[in-house]
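**Q** Okay, here's the prediction I keep looking at, along with the sequence it came from:
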Amino acid sequence: MPDEIKARYFTHATKEYEIAPEVKNLVTFERRNLKDDFSRIGVFDVIFMRNVTIYFGANFREELLERVAKALKPGGYLFLGSSESLPERCGAFSMHTSGGALYYRRAPGGDQRRAAMTP
Ligand SMILES: C[S@@+](CC[C@H](N)C(=O)[O-])C[C@H]1O[C@@H](n2cnc3c(N)ncnc32)[C@H](O)[C@@H]1O
């Protein structure tokens, strides 16, 4: 992480870095069951859902990722775990890589059906 970002968003009182309080205060923590409807909690720029879909069967995984797509703004970002992938038929996202990391973006408009790899 660049020093400028560390200095801006982290405190560094000890050996370890900690997210700055003003950033923490932007976060609301809620316990939710992904099997329940979450369509009313908002529409997000980014969703981190690392190593969660691995617990679900193919049908629910597909349904969940379609619902996650609707919970993202067009062009919004989705991060999954490194061993997770999108279901074949989930066309709402395009796949991207950066610095060895893989992430997905909600199509700016509509369903892309085929995920495209971009550098
Ligand atoms: C392997 S852990 C990953 C935790 C964290 N995302 C990470 O990468 O370290 C899987 C997480 O999925 C959550 N999970 C499993 N089923 C869920 C469900 N139906 N609704 C919400 N969370 C669920 C578990 O509570 C657990 O926190």
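**A** Perfect, thanks for sending it.
**Q** what helices or strands is the host helix or strand of residue 97 leaning on?
**A** Here residue 97 sits within strand 93-98, counting by DSSP states H and E. Where contact means 3 or more Cβ pairs under 8 Å, 6 or more residues apart in numbering; DSSP states H and E, strand 93-98 is packed against strand 101-106, strand 117-118. The way it works is simple: take the backbone N, C-alpha and C, and place the C-beta from them, glycine included.
**Q** Parallel or antiparallel, list what pairs with that strand.
**A** With DSSP bridges as the test, strand 93-98 is paired with strand 101-106 (antiparallel), strand 117-118 (parallel).
**Q** Would you convert those into JSON lines that also reports mean pLDDT and distance to residue 54?
**A** Below are the strands paired with strand 93-98 laid out as JSON lines (pLDDT from 0 to 100; distance: least, Cβ to Cβ, whole Å):
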{"stretch": "strand 101-106", "mean pLDDT": "94", "distance to residue 54": "15"}
{"stretch": "strand 117-118", "mean pLDDT": "44", "distance to residue 54": "22"}
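**Q** Fine by me, thanks again.
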